[in-house]
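let me see the structure of the following:
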Amino acid sequence: MKLALRARVVLAMVLAGVVAVIVTSVTVRTSIDHGRTTDWTLAPEALAACEADPARWHQEVADLVDAWAYDVDGRSANPAAPPLEPALLDVARHTGTAAGDAPGERVDVRRVAEDGPCVFIRVAFRPPGDLSAAVGSGLLVGAAVAFLLVVGLALVIVLQPLLARIARLRRAAEGVGSPAFTPAVDDVPDALGAIAEVLDRSHARIRANEAELRERQLALERHLAEIAHDLRTPLASLLLAVQELAPVAPPGDTAVRRALDDAEYVNALV
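Coordinates of the predicted model:
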């Protein structure tokens with residue numbers, strides 16, 4: 001299926017916009033998810049409270065964030081603490097920090113002490129049920145608005161000038177060689193500009209050839225007129241002589257009559 005230039009440009013912009021929306025949504029969501037728990041520190045007084053009463057230590061913020069303490073083996077003195085993920089524990093032992101996803105939450109594990117009941121702190125971020133949907137909706141709406149703005153700007157800045165240049169080329173191509181030719185003035189150094197230059201040169205060459213042919217035709221007509229003029233004088237004399245001879249020709253002599261007819265015919269030709 002062949003598409004017009006306008007349709008191809010619009011389709012390309014739509015596809016690019018869809019890809020941009022998807023990439024933006026995924027990137028922002030990933031950034032939000034990874035940034036939820038990676039920027040936090042445990043206050044010294046909170047660590048002191050944990051070491052003083054590890055069996056009851058637990059911090060929670062509005063049902064969104066909670067923190068639990070674990071010893072070097074990943075066990076918590078608080079019986080209500082969730083189990084520490086073995087994979088995160090192994091990474092935190094070697095690097096001091098680990099992050100990952102758990103069902104319904106984002107988990108960040110930090111090493112805050114060398115030994116004791118509060119060696120590792122597990123911080124979990126539990127977004128409310130509608131947060132992801134709200135973030136997704138906001139991203140989609142923002143991306144859609146940005147996409148519409150980009151398409152509008154592309155139409156104004158790119159597509160309309162391009163179509164105007166093509167229209168000028170079409171008008172110029174239709175008038176090449178005719179007196180109504182409109183130059184396809186296009187100073188942009190690209191393929192369309194090169195086509196415009198070729199059209200202008202072609203028109204100039206055609207008009208020059210036409211003028212040369214017209215001059216040759218006029219010269220030929222003058223030459224033929226001169227030849228006809230040169231022939232008329234002797235033919236007129238010949239016709240006059242035959243006409244004077246006709247009355248004195250012997251009766252029954254048809255040669256003079258034929259000569260007179262031929263002379264009149266040749267005279268009529270020139």
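
the closest residue to Asn267 other than its chain neighbours and Leu260, how far apart?
Leaving aside its chain neighbours, Asn267 sits nearest to Leu235 (4.9 Å; criterion: C-beta to C-beta, 6 or more residues apart in numbering). Quick note: C-beta positions are derived from backbone N, CA and C, even for glycine. Leu235 sits at a distance of 12 Å from Leu260 (criterion: C-beta to C-beta, to the nearest Å).

and if you look at Asp253?
In terms of C-beta to C-beta, Asp253 sits 12 Å off from Leu260.

what does Arg122 give?
In terms of C-beta to C-beta, Arg122 sits 134 Å off from Leu260.

more neighbours: these two, which one.
Remark: of Arg122 and Leu260, Arg122 carries more neighbours, 26 against 18, as counted by other C-beta atoms under 10 Å.

hang on, the more buried one is in a strand, isn't it?
Yes - according to DSSP: H, G, I helix; E, B strand; the rest coil, Arg122 belongs to a strand.

check contacts around it.
Contacts of Arg122 were listed using C-beta atoms under 8 Å, 6 or more residues apart in numbering, and they are Ala67, Trp68, Ala69, Tyr70, Ala81, Pro82, Leu84, Leu88, Val107, Asp108, Val109.

now stretch 87-94, how far from the centre of its chain.
Its chain's C-alpha centre and that of stretch 87-94 lie 49 Å apart, by C-alpha atoms, centre = their mean, to the nearest Å.

pull out the buried positions in that stretch.
Leu88, Leu89, Val91, Ala92, Arg93 (16 or more other C-beta atoms under 10 Å).

so where is the chain shaky, pLDDT-wise?
1-13, 16-17, 20-21, 23-40, 62-63, 127-140, 154-155, 158, 270 (pLDDT under 70).

show me which helix runs longest in it.
helix 191-245 (DSSP state H).

now the strands for the stretch 51-200 of the chain?
Taking DSSP state E, counting those that start in this stretch to define them, one finds strands in the stretch 51-200 of the chain at 59-61, 65-70, 97-102, 105-111, 120-125.

dump those strands to a markdown table, plus distance to Leu245.
Formatted as a markdown table, the strands of the stretch 51-200 of the chain follow (distance: least, C-beta to C-beta, whole Å):
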| stretch | distance to Leu245 |
| --- | --- |
| strand 59-61 | 139 |
| strand 65-70 | 137 |
| strand 97-102 | 129 |
| strand 105-111 | 130 |
| strand 120-125 | 132 |
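
out of those strands, which is closest to Val19?
Among the strands of the stretch 51-200 of the chain, strand 97-102 comes nearest to Val19, with 25.6 Å by C-beta to C-beta.

ranges for the helices of the stretch 1-150 of the chain?
Remark: helices assigned in the stretch 1-150 of the chain by DSSP state H, counting those that start in this stretch are 5-35, 44-52, 86-95, 131-154.

need the contact list for Ala113.
Leu47, Glu51, Val119.

for Arg126, see how far away it is.
Taken as C-beta to C-beta, the span from Ala113 to Arg126 is 25 Å.
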